[in-house]
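J.: got a structure for you, letters missing:
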């Protein structure tokens, strides 16, 4: 199981990657509906990143990629998804406040 610092850093990595790939992504996330454990309302689901325009799976659909970027927890208790939500909301709010 990863430490809380490692989980937080994976979320930061994911947020930085989104900054580079999708400018303004944070404003597109509905924090009230955000649920990292639900593929429809997680960060990737809300940004429609699971599939490309042709319907093919993207890198975001890879468990390893999602794990390394704070989207997915492997072999960890389900309650830790609450931490992912909290860390993502912090990243989102910091970007919104910057703009």
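T.: Now that the structure is in, tell me what you want to look at. This is a predicted model, so every value here is computed, not measured.

J.: Run through the chain and note the low-pLDDT ranges.
T.: Within the chain, not a single segment meets pLDDT under 70.

J.: The protein: helices as residue ranges?
T.: Secondary structure of the chain, counting by DSSP state H: helices at 4-21, 43-46, 63-68, 80-98.

J.: Comparing those helices, which stretch has the densest surroundings?
T.: Most buried of those, by mean neighbour count (mean count of other Cβ atoms under 10 Å): helix 43-46, with a mean of 21. The way it works is simple: take the backbone N, C-alpha and C, and place the C-beta from them, glycine included.

J.: between the helices of the chain, which gets nearest to residue 36?
T.: helix 80-98 (4.2 Å; Cβ to Cβ).

J.: Summarise which helices and strands that closest one is packed against.
T.: Under the contact definition 3 or more Cβ pairs under 8 Å, 6 or more residues apart in numbering; DSSP states H and E, helix 80-98 sits against helix 4-21.

J.: Apply 10 Å and report the result again.
T.: helix 4-21, helix 43-46 (3 or more Cβ pairs under 10 Å, 6 or more residues apart in numbering; DSSP states H and E).

J.: Which strands or helices does the longest one pack on?
T.: Packed against helix 4-21, as judged by 3+ Cβ pairs under 10 Å, 6+ apart, are the following elements: helix 43-46, helix 63-68, helix 80-98.

J.: want to throw those helices into TSV with distance to residue 35?
T.: Converted to TSV, the helices and strands packed on helix 4-21 look like this (distance: least, Cβ to Cβ, whole Å):
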stretch	distance to residue 35
helix 43-46	9
helix 63-68	15
helix 80-98	7
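
J.: Looking at those helices, which is nearest to residue 6?
T.: Closest to residue 6 of the helices and strands packed on helix 4-21, according to Cβ to Cβ: helix 63-68, at 10.4 Å.

J.: neighbouring contacts of the closest one?
T.: For helix 63-68, the external contacting residues (Cβ atoms under 10 Å, 6 or more residues apart in numbering) are 2, 9-10, 13-14, 17, 36, 39, 42-44, 58-60, 62, 71-76.
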